[in-house]
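Undergrad: just coords:
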Ligand SMILES: [Zn+2]
């Protein structure tokens with residue numbers, strides 16, 4: 001699958017990621033700026049539409065489920081899909097950046113994208129510490145919340161929404177959804193979604209099923225996107241910031257979803273240290289939906 005798509009992807013990328021020289025020319029010739037930008041935007045839109053059609057057959061949840069089952073690494077088939085989507089998105093962002101003087105473009109900095117995901121919160125102390133650390137670093141992450149931990153921590157959820165983090169569901173009481181009846185599981189999820197929506201004003205689209213246990217029936221019933229992971233830091237087990245960091249550095253790649261838990265001080269410490277280190281190596285941190293194909 002990958003081999004067959006590669007040339008087409010490269011061609012698409014060349015088309016979308018126009019060389020800097022062209023942008024400089026566009027900038028100098030202000031008189032034709034409007035006309036060129038209009039034509040470019042039309043082209044980019046057409047290309048993005050074509051890319052979306054081209055990518056449509058890759059089922060995200062299936063690819064991700066296989067990747068989760070396949071262990072930490074080696075999910076090239078799924079990752080190939082992510083990269084192609086990102087190429088198209090990166091092109092759009094580059095086009096926007098061209099108009100705005102090359103401001104920060106998450107997808108435009110290359111392909112080293114990381115999604116940090118935090119389960120089991122909110123925690124009154126550690127989630128707060130994490131949110132403040134992320135804000136200081138201008139980094140966005142994804143949170144999967146436990147419904148029963150929400151009361152009393154509403155302000156943290158408001159802060160997540162305000163700061164642009166993805167707020168998803170990790171169910172009400174962290175039980176294995178596949179051991180419930182379909183109706184019980186759906187109610188558990190919906191109850192948590194409603195709690196989040198009441199505070200953030202937005203119904204979650206993404207779910208991290210507890211223990212990664214999910215089913216096709218559940219997916220059909222609740223219509224949410226399940227989010228698995230590429231790197232399991234086992235932070236809950238070690239509760240050792242240095243070990244968590246090592247686990248990430250050892251496995252880090254270009255498009256990775258990293259599993260952490262914001263209910264441990266050690267995990268928060270590790271996450272902030274990892275952000276500082278990997279940012280220096282050119283990694284960009286995005287919310288997990290940026291790595292998925294919807
Ligand atoms: Zn959990």
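TA: That came through fine. Everything quoted here is computed from the prediction, not taken from an experiment.
Undergrad: Alongside the ion, which residues does the protein contribute?
TA: 119, 120 (Cβ under 5 Å from the ion). Any C-beta I mention is one placed from the backbone N, CA and C, and that applies to glycine too.
Undergrad: so where do the helices sit in the chain?
TA: For the chain, the helices defined by DSSP state H occupy 2-16, 20-28, 33-55, 60-69, 76-100, 126-137, 154-162, 182-200, 216-222, 235-238, 241-251, 265-280.
Undergrad: Check the burial of the closest residue to the ion within the chain by counting its neighbours.
TA: For the chain and the ion, the shortest gap (Cβ to the ion) falls at residue 119, measuring 4.1 Å. For residue 119, the neighbour count with other Cβ atoms under 10 Å is 24.
Undergrad: was I right about it contacting residue 141?
TA: No. Residue 119 sits out of contact with residue 141 when judged by Cβ atoms under 8 Å, with a separation of 11.4 Å.
Undergrad: how about stretch 165-183: buried residues?
TA: 165, 166, 167, 168, 169, 170, 171, 172, 177 (16 or more other Cβ atoms under 10 Å).
Undergrad: Now for the chain, the helix or strand with the poorest mean pLDDT.
TA: Every helix and strand of the chain was ranked by mean pLDDT, DSSP states H and E. The lowest is helix 76-100, at a mean of 29.
Undergrad: Identify the residues contacting stretch 237-256?
TA: Residues outside stretch 237-256 that contact it (Cβ atoms under 8 Å, 6 or more residues apart in numbering): 72-73, 79, 82-83, 86, 111-115, 230-231, 233-235, 258, 260, 264, 266-267, 269-271, 273-274, 277-278, 283, 291.
Undergrad: try it again with 6 Å
TA: 72, 79, 82, 111-114, 230-231, 233, 235, 264, 266, 269-270, 273-274, 291 (Cβ atoms under 6 Å, 6 or more residues apart in numbering).
Undergrad: swap in stretch 259-270?
TA: The contact list for stretch 259-270, computed with Cβ under 6 Å, 6+ apart, reads 117-121, 123, 126-127, 129-130, 229, 232-233, 235-236, 239-241, 244-245, 271.
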